[in-house]
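**Q** Here is the input, now give the coordinates:
(one chain, ligands or ions: 1)
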Amino acid sequence: MKTYLVTGGAGFIGANFVKYMLATYPDIEIVVLDLLTYAGNLKTIENDLKSGRCEFVKGNIGDRALVNSLFDKYGFQYVVNFAAESHVDRSIDDPQLFLITNILGTQNLLDAARRAWVTGKDEAGYPTWKEGLRFHQVSTDEVYGSLGAEGYFRETTPLDPRSPYSASKTSADLFVKAYAETYKMPVTITRCSNNYGPYHFPEKLIPLIIKNILEGKPLPVYGKGTNVRDWLYVEDHCKAIDTVIHRGREGEVYNVGGHNEMQNIDIVKLTISTIHRIMKEEPRYREVLKRKEYDADGNIRIDWINDSLITFVQDRLGHDQRYAIDPGKITAELGWTPETTFKEGILKTIYWYLNNQQWVEDLA
Ligand SMILES: NC(=O)c1ccc[n+]([C@@H]2O[C@H](COP(=O)([O-])OP(=O)(O)OC[C@H]3O[C@@H](n4cnc5c(N)ncnc54)[C@H](O)[C@@H]3O)[C@@H](O)[C@H]2O)c1
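**A** Predicted coordinates:
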C-alpha cells in the first residue's frame, strides 16, 4: 500500500485527482488535507471517503505541528500539493493571503517532508532520502507571464509572473526547486494551463457562465473578451500528474497543456449555443432553468438563451493577454497527450452541471 498526502483535495482539481487515483490504483490510500475555505467542499469527495481508502483531515498546510503529525501517523510516500488560494481576482483584492497559503504553506510541506523522509547524510554532506518518495507541486502556466499573438510557454521560458496569484505560485515553485538543489529532495513540478470540468467552483469562467445561463443572469466578460487561454479537461490534467509523479525525472518541471487555445468570448458563445441546443433537443433539462417563462402552449421558453446575455465589464487589472503551452517535453519523455477534445470536454462539463444542480446550490 502506498499512501498519498493530497492537499487541497476538496477543491476542484484536487478532488478530481482523488477520484481518478482511487479508481486507477486499487492499492493506494489517500489522506486529504484541506482547510475547507470557500473553494473546498467536503461533499465533492463524500463517496470517496466511504471507499475505506481515503481519509479527510481538516487543516492548514501551514500548520507545522499538524502536518508533522500527519507524516508521523501515515508515513506518506507521495505528497501532491494542490492546496492554494487560486483565484486571480481575489489575489488582486487581498494579496497577503496568497503569500501565506501558496508560499509559506508550500514551504511548510517541504520542511515536513524533509523531516520525515531524510535518513542521514552522504559524504558531501547532502541529505540521503528513503526510496520511492515524491513531492509534487501543482503549478500553473501563469508563472510565465503573458504572450503576444505568437509563441508558446516552454519549461525554459523565463518566469515572469504578473498578478499576486502568479507571483505567489512562482515563489512556491522556486522553493520547491531550491529544496531539490540544496537538499537533493525528490521533487517534480507540473505547470498546467486552464482546467475545466466537473466540481469547478462557479467563480471561474466556464462554471460561472453555465450557472448564470441557467439562472437567466447576465454573462460578465472582461474587456472585449479577446484574452486567450489554453483549456484542458481536468481528467487529462490528473493523468498528467499521475504520469509525472510515477515516471517524471526528479527535479524536473513539465508543462501540461491542451493544444486548445480559445478566446474567452468564443468559450462563452459556444457554452450559450450548446446549452440552447441541449434544451431544444432534450426539453426535460428545461426544468433545471431558474428563469422560467412560458410560451402560449405552456412550454418553458428558451429563446432568451442567446448572445444578448453577454455583458462586457471593465477589464481585470493587468489582465494577461494570452497563455499557450508547449507540452512537447511531457509528450516526448513520458508519452502524455491530452485525450479529451474541447468539444467533448465542454459537453461533458455542461451535462455534469445540468445533472448536479444540487452541488451548485449547496455552495450558496
Ligand atoms: N484551476 C486551474 O485552471 C489551474 C490551472 C493550473 C494550476 N492550478 C493549480 O492547481 C491547484 C488546484 O487548483 P483548483 O482550481 O482546484 O483550486 P480550488 O480553489 O478549487 O481548490 C483549492 C483547495 O485548496 C484548499 N485550501 C486553500 N487554502 C488552504 C490551506 N491553507 N490549507 C489547506 N487547504 C487549503 C481549499 O479549501 C480548496 O479545497 C492550485 O494550486 C492551482 O494553483 C489550477
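**Q** And what about Val57, helix, strand or coil?
**A** Put simply, Val57 is strand when judged by DSSP: H, G, I helix; E, B strand; the rest coil.
**Q** Grab the nearest non-local neighbour of it.
**A** Nearest in space to Val57, with sequence neighbours left out and distances taken as Cβ to Cβ, 6 or more residues apart in numbering, is Leu33 at 5.0 Å. C-betas here are computed from N, CA, C, even on glycine.
**Q** since we're on Trp231, how many residues are nearby?
**A** 22 (other Cβ atoms under 10 Å).
**Q** Quickly note the distance from it to the ligand.
**A** Distance, Trp231 to the ligand, by Cβ to the nearest ligand atom, to the nearest Å: 9 Å.
**Q** likewise Phe175?
**A** Here Phe175 is placed at a distance of 14 Å from the ligand (Cβ to the nearest ligand atom).
**Q** Mind telling me what element that residue is part of?
**A** helix 164-183 (DSSP states H and E).
**Q** That helix packs against which elements?
**A** On a contact count with 3 or more Cβ pairs under 8 Å, 6 or more residues apart in numbering; DSSP states H and E, helix 164-183 meets helix 88-93, helix 95-98, helix 106-117, strand 134-140, strand 187-192.
**Q** which residues in the stretch 1-150 of the chain form helices?
**A** Assigned by DSSP state H, counting those that start in this stretch, the helices in the stretch 1-150 of the chain fall at 12-24, 46-49, 64-74, 88-93, 95-98, 106-117.
**Q** export those helices to JSON lines and tack on mean pLDDT and distance to Gly40?
**A** Shown next, in JSON lines, are the helices of the stretch 1-150 of the chain (pLDDT from 0 to 100; distance: least, Cβ to Cβ, whole Å):
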{"stretch": "helix 12-24", "mean pLDDT": "98", "distance to Gly40": "8"}
{"stretch": "helix 46-49", "mean pLDDT": "97", "distance to Gly40": "13"}
{"stretch": "helix 64-74", "mean pLDDT": "98", "distance to Gly40": "16"}
{"stretch": "helix 88-93", "mean pLDDT": "96", "distance to Gly40": "14"}
{"stretch": "helix 95-98", "mean pLDDT": "98", "distance to Gly40": "14"}
{"stretch": "helix 106-117", "mean pLDDT": "98", "distance to Gly40": "17"}
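**Q** for those helices, which one sits closest to Ile210?
**A** helix 12-24 (13.9 Å; Cβ to Cβ).
**Q** residues from the stretch 1-150 of the chain in reach of the ligand?
**A** For the stretch 1-150 of the chain, the residues in contact with the ligand (Cβ under 6 Å from any ligand atom) are 7-8, 10-14, 33-37, 39-40, 60-62, 82-86, 101, 105, 138, 140.
**Q** Give me the buried entries from these.
**A** By neighbour count, with 16 or more other Cβ atoms under 10 Å, these hold 7-8, 10-14, 33-35, 37, 39-40, 60-62, 82-86, 101, 105, 138, 140 as buried.
**Q** What about those, which are in strands?
**A** 7, 33-34, 138, 140 (DSSP state E).
**Q** Could you work out the most separated pair of those residues?
**A** Maximum distance among those (Cβ to Cβ): 20.3 Å, for Leu33 and Thr140.
**Q** Next, count neighbours for Lys292.
**A** Lys292 is flanked by 10 other residues according to other Cβ under 10 Å.
**Q** Run through the bridge partners of the closest residue to it other than its chain neighbours.
**A** Nearest non-adjacent residue to Lys292, counting by Cβ to Cβ, 6+ apart: Ile300, 5.6 Å away. Taking DSSP bridges as the rule, Ile300 bridges to Tyr294.
**Q** now Ile325
**A** Assigned bridge partners for Ile325, using DSSP bridges, are Phe153.
**Q** same thing with Tyr222?
**A** Beta-bridge partners, per DSSP bridges, of Tyr222: Val313.
**Q** Contacts only, for it.
**A** Contacts for Tyr222 (Cβ atoms under 8 Å, 6 or more residues apart in numbering) come out as 264, 312-316, 319.
**Q** What residue in the stretch 1-150 of the chain comes nearest to the ligand?
**A** Gly11 (2.0 Å; Cβ to the nearest ligand atom).
**Q** doesn't Ser86 make contact with that residue?
**A** Yes. Between Gly11 and Ser86 there is a contact under Cβ atoms under 8 Å: 7.3 Å.
**Q** Lys177 and Glu250 touch, don't they?
**A** No. With contacts counted by Cβ under 8 Å, Lys177 stays clear of Glu250, the gap being 11.5 Å.
**Q** More neighbours: those two, which one.
**A** Lys177 (17 against 14).
**Q** Report pLDDT for that one.
**A** On pLDDT, Lys177 comes in at 98.
**Q** start at 374 instead
**A** From this message on, residue numbering opens at 374, which makes the last subject Lys550.
**Q** Any figure for the gap between it and the ligand?
**A** Taken as Cβ to the nearest ligand atom, the span from Lys550 to the ligand is 16 Å.
**Q** State the distance spanning the first to the last residue of stretch 657-667.
**A** 14 Å (Cα to Cα, to the nearest Å).
**Q** In that stretch, which residues are buried?
**A** Result for stretch 657-667 [16+ other Cβ under 10 Å]: buried residues 658-659, 662.
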